[in-house]
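In: Here is the input, now give the coordinates:
(one chain, ligands or ions: 1)
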Amino acid sequence: MAKLSHEAPGSIVQLAATILENTRAIDTFLKEEGLPGPSLHPNAPATPQLSAEVDLCLQQALASIDELTALLLGPLGWLKLQVGHVYNMVSLHALYRFSIPTQFSIGEEASIRDVSMRCSDNGDAMSRILQHAVTNRFLAQPRPGYIAHSACSTLLSQSPALMDWVGSACEDLWPAASQVIPALLKWPELPALPSHTAFNVAENTDRPFFQALASDPQRTRRFASAMGLMQSMPGFEPLAALDAYDWASLRSATVIDVGGSDGAFATALKRKYPTLRVIVQDLPGVIESTRSHLDAAADVILQAHNFFDLQPAQDVDVYFFRLILHDWPDEFCSKILRQLIPTLKPGTRIIVNDLMVPPLGSVPIYQERQIRCQDLAMLALFNSKERSREEWTKLITATDTRFRINSIIQVSTSPLGLLEIVWTP
Ligand SMILES: C[S@@+](CC[C@H](N)C(=O)[O-])C[C@H]1O[C@@H](n2cnc3c(N)ncnc32)[C@H](O)[C@@H]1O
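Out: Alright, predicted model coming up:
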């Protein structure tokens with residue numbers, strides 16, 4: 001396998017050779033394991049099933065494809081490609097808003113005209129949007145004038161949670177993305193507040209993201225569902241955090257999953273370590289929505305709690321924060337952590353399971369771009385950030401010197417790391 005690097009190996013032919021070398025390694029692995037080859041046909045696997053080692057080949061192939069595309073397009077073509085991305089969300093949004101993936105069955109050929117007219121009186125506009133969707137593989141075109149399911153639309157038709165994730169991206173995130181620079185211009189002062197974000201500009205509200213969502217049960221449910229879906233994305237599965245930490249040593253400890261949303265992690269934790277007492281805390285609307293669908297057999301306790309208020313639970317051994325602190329600027333993270341202090345005993349653990357941003361240029365560019373996009377999403381929605389190891393250390397130390405960082409575990413299969421903090425008064 002070629003070395004992981006941001007540097008172009010030198011020429012387009014060398015890049016093509018790197019792509020061939022790495023795709024061959026992927027192909028050989030899949031054949032040897034008797035696994036299906038990559039495919040975009042309906043019902044194809046959602047992602048190629050690769051080992052950690054072969055996944056590095058995938059990353060290298062994608063990085064080289066990215067580099068080769070840029071070189072072949074030239075700087076002007078590359079810029080044109082980026083500008084074209086402005087419209088990529090339009091057809092995805094249409095798929096979500098008009099439930100297009102559920103309008104026809106897998107294998108059916110649906111007339112573009114009929115589907116368009118069902119979605120909107122402006123059938124001409126809709127048919128153009130559907131044709132754009134075909135160019136982005138969101139749908140397939142079996143013959144002129146007709147659409148059918150692609151692998152992407154098949155996945156969407158089979159997973160309401162995936163539809164919620166796309167819906168949240170199109171309606172919660174995308175409008176905010178276009179307002180990042182206007183928000184920076186409008187509110188240049190520091191510290192940047194969670195109520196002075198691109199989301200605030202886009203929605204014309206002075207309420208921070210989660211408060212704005214809380215006033216709309218449907219949006220609250222959709223966001224919680226999207227978060228649940230995230231938990232099944234490669235590297236974001238609960239399994240990565242379950243494997244990375246010695247949960248078994250906690251025996252019958254009480255663990256609170258602070259901001260535990262739909263209980264996906266808590267349920268997985270309780271299932272694997274049934275002797276633990278597991279509590280999910282979240283805002284009242286989220287807890288209500290979670291209560292309505294969480295399996296009672298999961299034996300997870302649900303509790304409404306605003307983490308900016310004093311922690312009400314006593315005798316807690318572990319506070320677990322998964323994808324929580326990245327939503328908040330430093331001063332707010334400190335406030336959340338300080339609200340725990342009156343309940344802490346010597347040795348109480350706080351485990352932060354969040355992204356650890358690697359130094360620029362240290363991981364393949366395809367992966368790096370996803371991390372940087374995630375960081376910009378934090379800026380757009382919350383004026384918060386994804387943090388590097390150094391930034392995490394600085395934040396925890398500045399919050400209270402009695403928070404001692406015991407370990408920082410970088411999970412090899414995940415961009416999320418585990419920061420173990422011990423209360424040491
Ligand atoms: C990015 S989601 C992460 C959810 C979950 N931990 C996970 O890993 O999928 C952030 C969560 O924090 C919750 N949250 C936001 N503000 C809160 C607050 N003030 N008090 C309690 N929970 C809050 C949200 O409702 C949401 O469930």
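
In: Only C-alpha atoms from now on, for both contacts and neighbour counts.
Out: Fine.

In: quick one: buried residues of stretch 87-104?
Out: 91-96, 100-102, 104 (16 or more other C-alpha atoms under 10 Å).

In: got JSON lines for the residues you listed, with distance to the ligand and pLDDT too?
Out: Below are the buried residues of stretch 87-104 laid out as JSON lines (distance: C-alpha to the nearest ligand atom, whole Å; pLDDT from 0 to 100):
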{"residue": "S91", "distance to the ligand": "26", "pLDDT": "97"}
{"residue": "L92", "distance to the ligand": "22", "pLDDT": "97"}
{"residue": "H93", "distance to the ligand": "21", "pLDDT": "98"}
{"residue": "A94", "distance to the ligand": "25", "pLDDT": "98"}
{"residue": "L95", "distance to the ligand": "24", "pLDDT": "98"}
{"residue": "Y96", "distance to the ligand": "21", "pLDDT": "98"}
{"residue": "I100", "distance to the ligand": "27", "pLDDT": "98"}
{"residue": "P101", "distance to the ligand": "25", "pLDDT": "97"}
{"residue": "T102", "distance to the ligand": "26", "pLDDT": "96"}
{"residue": "F104", "distance to the ligand": "31", "pLDDT": "97"}
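
In: mind listing which of the residues you listed are in helices?
Out: Members of the buried residues of stretch 87-104 lying in helices (criterion: DSSP state H): 91-96.

In: neighbours of L155, just the number please.
Out: 19 (other C-alpha atoms under 10 Å).

In: OK, contacts around it?
Out: By C-alpha atoms under 8 Å, 6 or more residues apart in numbering, the contact set of L155 is 42-43, 46, 162.

In: Are we agreed that it is in a helix?
Out: Yes. The assignment for L155 is a helix, going by DSSP: H, G, I helix; E, B strand; the rest coil.

In: and it, how far is that from the ligand?
Out: Between L155 and the ligand the computed distance is 21 Å (C-alpha to the nearest ligand atom, to the nearest Å).

In: which element is the residue in the stretch 101-250 of the chain positioned nearest to the ligand on?
Out: Using C-alpha to the nearest ligand atom, the closest approach of the stretch 101-250 of the chain to the ligand is made by M227 at 4.6 Å. Here M227, judged by DSSP states H and E, is contained in helix 217-230.

In: Could you do L184 as well?
Out: helix 180-186.

In: For that helix, give the mean pLDDT please.
Out: Averaging pLDDT along helix 180-186 gives 98.

In: Same question for stretch 68-84.
Out: Rounded mean pLDDT across stretch 68-84 is 95.

In: buried stuff in that stretch?
Out: Buried-residue list, stretch 68-84, by 16+ other C-alpha under 10 Å: 68, 70-71.

In: buried set for whichever strand or helix holds I408?
Out: Take DSSP H and E as the rule and I408 turns out to sit in strand 403-410. Neighbour-count burial for strand 403-410 flags 403-405, 408-410 (criterion: 16+ other C-alpha under 10 Å).

In: so where's this structure shaky on pLDDT?
Out: 1-10 (pLDDT under 70).

In: How about the secondary structure of R143?
Out: coil.

In: For it, what are phi and psi?
Out: phi -160, psi 160 (degrees, to the nearest 10).

In: Any idea how many residues pack against it?
Out: Counted with other C-alpha under 10 Å, R143 comes out at 10.

In: residues from the stretch 101-250 of the chain in reach of the ligand?
Out: By the rule C-alpha under 6 Å from any ligand atom, the part of the stretch 101-250 of the chain lying against the ligand is 210, 224, 227-228.

In: show me where the stretch 201-350 of the chain has helices.
Out: 209-214, 217-230, 238-244, 264-272, 284-293, 330-338 (DSSP state H, counting those that start in this stretch).

In: Let's have those helices in JSON lines, adding distance to P142.
Out: As requested, the helices of the stretch 201-350 of the chain are exported to JSON lines (distance: least, C-alpha to C-alpha, whole Å):
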{"stretch": "helix 209-214", "distance to P142": "40"}
{"stretch": "helix 217-230", "distance to P142": "30"}
{"stretch": "helix 238-244", "distance to P142": "39"}
{"stretch": "helix 264-272", "distance to P142": "38"}
{"stretch": "helix 284-293", "distance to P142": "39"}
{"stretch": "helix 330-338", "distance to P142": "52"}
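
In: Between those helices, which one is closest to A377.
Out: helix 209-214 (11.9 Å; C-alpha to C-alpha).

In: List the buried residues of the closest one.
Out: For helix 209-214, by 16+ other C-alpha under 10 Å, it's 209, 212-214.

In: Please apply the same query to stretch 103-117.
Out: Going by 16+ other C-alpha under 10 Å, stretch 103-117 has these buried residues: 104, 106, 109-113, 115-116.

In: Same question for stretch 238-250.
Out: 238, 240-242.

In: Contacts for that stretch, please.
Out: 231-232, 264-265, 268-269, 273, 276, 353, 409, 411, 413-414, 418.

In: which of those residues count as buried?
Out: Buried, going by 16+ other C-alpha under 10 Å: 231, 264-265, 268-269, 273, 276, 353, 409, 411, 413-414, 418, out of the contacts of stretch 238-250.

In: can you pull the contacts of F199?
Out: By C-alpha under 8 Å, 6+ apart, the neighbours of F199 are 173, 175-177, 179, 209, 380-382.

In: Which secondary structure element is home to it?
Out: helix 198-203.

In: For that helix, C-alpha coordinates in CSV please.
Out: What follows is helix 198-203, C-alpha atoms only, in CSV (Å, rounded to 0.1, in the frame of the first residue of the first chain):
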residue,chain,number,x,y,z
ALA,A,198,-24.8,31.8,11.1
PHE,A,199,-27.8,29.8,12.2
ASN,A,200,-29.1,32.9,14.0
VAL,A,201,-28.7,35.0,10.8
ALA,A,202,-30.3,32.3,8.6
GLU,A,203,-33.3,31.8,10.9
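
In: tell me the centre residue of this structure?
Out: In the chain, the centroid-proximal residue (C-alpha atoms, centre = their mean) is M230; its distance is 5.1 Å.

In: Report the contact partners of it.
Out: Applying C-alpha under 8 Å, 6+ apart, the residues near M230 are 236-237.

In: Could you rerun that using 7 Å?
Out: By C-alpha atoms under 7 Å, 6 or more residues apart in numbering, M230 lies in contact with F236.

In: Kindly report the same for Y146.
Out: 109-112.

In: out of those, which are inside strands?
Out: Per DSSP state E, strands hold the following members of these: 110-111.

In: Can you check my assumption that I26 lies in a helix?
Out: Yes. Assessed with three-state DSSP, I26 lies in a helix.

In: Determine the three-state secondary structure at the residue nearest to it when sequence neighbours are not counted.
Out: Using C-alpha to C-alpha, 6 or more residues apart in numbering and skipping residues adjacent in sequence, the residue nearest I26 is V54, 6.1 Å away. What three-state DSSP gives for V54 is helix.

In: Fine by me, we can end here.
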